[in-house]
Structures are given as C-alpha cells and as structure tokens.
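Any chance you could fold what I've pasted below:
(4 chains)
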Number of protein chains: 2
Amino acid sequence: MTVPHLTAPVEASSAAAAFAALRAQGLRLSTARRLLLHTLFAADRPLTAEELAGEGDVASAYRNLEVLEGLGLVRHVHLGHGPGLYAPAGDRHELVACERCGASVALAPRLVEALRAAVRSATGFEVRLSHLPLPGLCPRCHANATRSGGD
Amino acid sequence: MTVPHLTAPVEASSAAAAFAALRAQGLRLSTARRLLLHTLFAADRPLTAEELAGEGDVASAYRNLEVLEGLGLVRHVHLGHGPGLYAPAGDRHELVACERCGASVALAPRLVEALRAAVRSATGFEVRLSHLPLPGLCPRCHANATRSGGD
DNA sequence: CCGCTCTTGAGGGTCGTGCGCAATAGCAGC
DNA sequence: GCTGCTATTGCGCACGACCCTCAAGAGCGG
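Below is the predicted model of the structure:
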C-alpha cells in the first residue's frame, strides 16, 4: 500500500518534517498518519477530520489530529457551525473565516497585532485567533446576504 | 425600523418587557418562558440553554430561545467549544469572549468599525461579530495561560 | 525474525441541538 | 368561572461532532 509519491514542492518537505517530528517523539509513522499528513499538507485549505480520514476511521483521524496538534504540527479552527477544520500549523496564522461558506483567509500579522492592542487597551481581553477565527462573511456571501436581506 | 441616535435603554431591559413583547405577538406567557426570561435577565453573564432550562426540559428551552431570538429579545453566541450562550438582546452586540471561561465584554462600536474597515480593506471579508464573538482570553484566563505555558 | 508497544478500526457513548407527538395549559369568549 | 381552541410543554428520539474502550494488527529496535 505505497502512496505514489507526487511531486509536492514545499508541502512534501513540511510533511517530511512532520514525519521526523513524529519519530523524534518516539511515535510511529503509521500508514494512516502518513496519509493524513500528506493530505493535510497537500490541501490548500483547512480540511475536516472526516475528509482527512478518507476511507479510514474517523475516530483514528481525530486521535491523530490530536496527537499532531499536541506536537504543534497541526492546528484546528472552529467556525460556529460544522466540524472543526484542520490545517498544517506552519503557514496559516490568524484568519478571518466566512460563517456561511467556511472560506478563510489569513490576516496580516500587523493587522492582528493592531487589533490585539486595541482590544487589549479597550477591554483587557487578549484576542486570540489561533483557535477560533475572526468571524465574518466572505465577499461573495456578504453580497448574497445583503441582496437577500439576511443579517 | 429606523433608530435615530438613542443610547436609549434598550427595548426589553427586563423580563417584564419581554413578557409584554411576547403577548404583543399573540404568544403565550407560559411558566417555562417566564422562568427562562427571569433567569436570563437576572444573569450577569450569558447562560447555556441547559442552565436556562433549569429543571425543565432542555428541548423546550432551545425552542423558546429560538422564538425569543426571533423576536429580537434574546441573542446567542458560540464559543468554539461547549454549548451556545444566550443573553438578553439588550446587551451590546459585538463582543470579545473568553475561550476559557466564557466571560464576555462589549466592544466599543468605533473599535468594531475600525476593525471592520481594516479587515475589509485587507481581505475583502466583512467582519461580523453579531453571532460569533471575537475570540480571546479574559485577563484572568490569560494570566493563567501565560503562567502555565498555555498557547 | 521477535517481541514490545504504539496504533488502528469498529462500536458505542456523550454532548449539543432540533424534531414529532400526545398531553397540558394559556387565554378569549361566554 | 367554565369551555374550547391552540400554543406550548415535555418526553423520547434523531443526528452530527467528537471521544473512549478494547481486541487485533502494525512499527520499529534488537
């Protein structure tokens, strides 16, 4: 059951790094994990545990994602509804996500920093977008909502 | 529904006002609803449906909260984990909420406006904090997290 | 090749939330 | 105050997301 090695440029090295990190922790490099990480790093957008499980066991996927998250290799975000979305921890940072369609884009660090500072001085709260995104509507969904009068 | 500039004491600032609003809609003032609204308005922080149900039926609580939300008397937010939190709609609409303890505070409208503008111009997304709060940590939880090496 | 132990996969459980339905309780009219 | 119409209740169940348990299987060091 060997996965045909696609020529994934940056992703492959990240996945490889993830493999190494796993091994470094005395954890095993199982087929399921390999597959999961491949899928994860190859994806260009956060995936659900179910998507990542593919034909495999969803429970195992959750388990592995938990492990990987513990190692800091993976992170997940929750939009208000629907399953959590998992992404490689490396590249994506703080993001805005569309409540409707789940689309999300990264926020410039300076923007986040400014926001954090503003909210901190105004409320004392420490904004944290690493687990939960900034909620909003993507341009398209916003257009739809506006057109159909939806809030 | 044009609201001039009033900082007026919002509509149903009390359970009694909410009762009236219900009756005005031809809806019945059941004991369950009375209790729910009392609890809701008496609370100093958002409550879960279960808390609001008390000894009563949780399903009914959800149903009623839905109704009340439809009337604009109640609103709810979701933190990533745990049940949704319900609060009287009179509260400020945009808020930061603590991911750990659920505490939430209102954000100044101009702050939200600034944030919205910044994110819009940077990403095209329309930030919307009316249903989902801006995630973060309250001062206390942040202190704890920092102390114990949390994210 | 062996064996120890990490992992898997299936099954089932929990939690949050919504639905259907029969019994009940508001409220209006008499 | 009693009656009847129907909104509402409360229960049981359904469903999705997620996690736990346990026996069987797979990594990896020796």
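
mind checking how far A:D57 is from chain B?
23 Å (C-beta to the nearest C-beta, to the nearest Å). C-beta: built from backbone N, CA, C; applies to glycine.

which residue packs closest to that residue, ignoring adjacent ones?
A:A32 (7.9 Å; C-beta to C-beta, 6 or more residues apart in numbering or on different chains).

same check, this time on A:A89
Among residues not flanking A:A89 along the chain, A:R75 sits closest, at 4.5 Å (C-beta to C-beta, 6+ apart).

Quick one: residues contacting the one you found.
A:E69, A:Y86, A:A87, A:P88, A:A89, A:R92, A:S130, A:H131 (C-beta atoms under 8 Å, 6 or more residues apart in numbering or on different chains).

let's see 7 Å
By C-beta atoms under 7 Å, 6 or more residues apart in numbering or on different chains, the residues touching A:R75 are A:E69, A:A87, A:A89, A:S130.

what pairs with the residue nearest the centre of chain A across the strands?
Most central in chain A under C-alpha atoms, centre = their mean is A:A87, positioned 2.7 Å from the mean C-alpha point. For A:A87, the beta-bridge partners are A:R75 (DSSP bridges).

ok, now how distant is it from A:S14?
Distance, A:A87 to A:S14, using C-beta to C-beta, to the nearest Å: 11 Å.

same question, A:C141
For A:C141, the distance to A:S14 equals 30 Å [C-beta to C-beta].

before we move on, what about A:T48?
Distance from A:T48 to A:S14, by C-beta to C-beta: 20 Å.

Please say which of those two ends up with more neighbours.
More crowded of A:T48 and A:S14, by other C-beta atoms under 10 Å in any protein chain shown: A:S14, with 20 against 16.

Sort out which residues of whatever helix or strand the more buried one lives in are buried, please.
Counting by DSSP states H and E, the element that carries A:S14 is helix A:10-24. Across helix A:10-24, burial judged by 16 or more other C-beta atoms under 10 Å in any protein chain shown covers A:E11, A:S14, A:A15, A:A18, A:F19, A:L22.

Tell me the helices and strands packed up against the least confident helix or strand in chain A by mean pLDDT.
Confidence across the helices and strands of chain A bottoms out at helix A:10-24, with a mean of 79, counting by mean pLDDT, DSSP states H and E. Here helix A:10-24 touches helix A:31-42, going by 3 or more C-beta pairs under 7 Å, 6 or more residues apart in numbering or on different chains; DSSP states H and E.

Check whether the helix it packs on comes near DNA strand C.
Yes: judged by C-beta under 7 Å from any atom of the strand, helix A:31-42 comes into contact with DNA strand C through A:A32, A:R33.

Sounds good, over and out.
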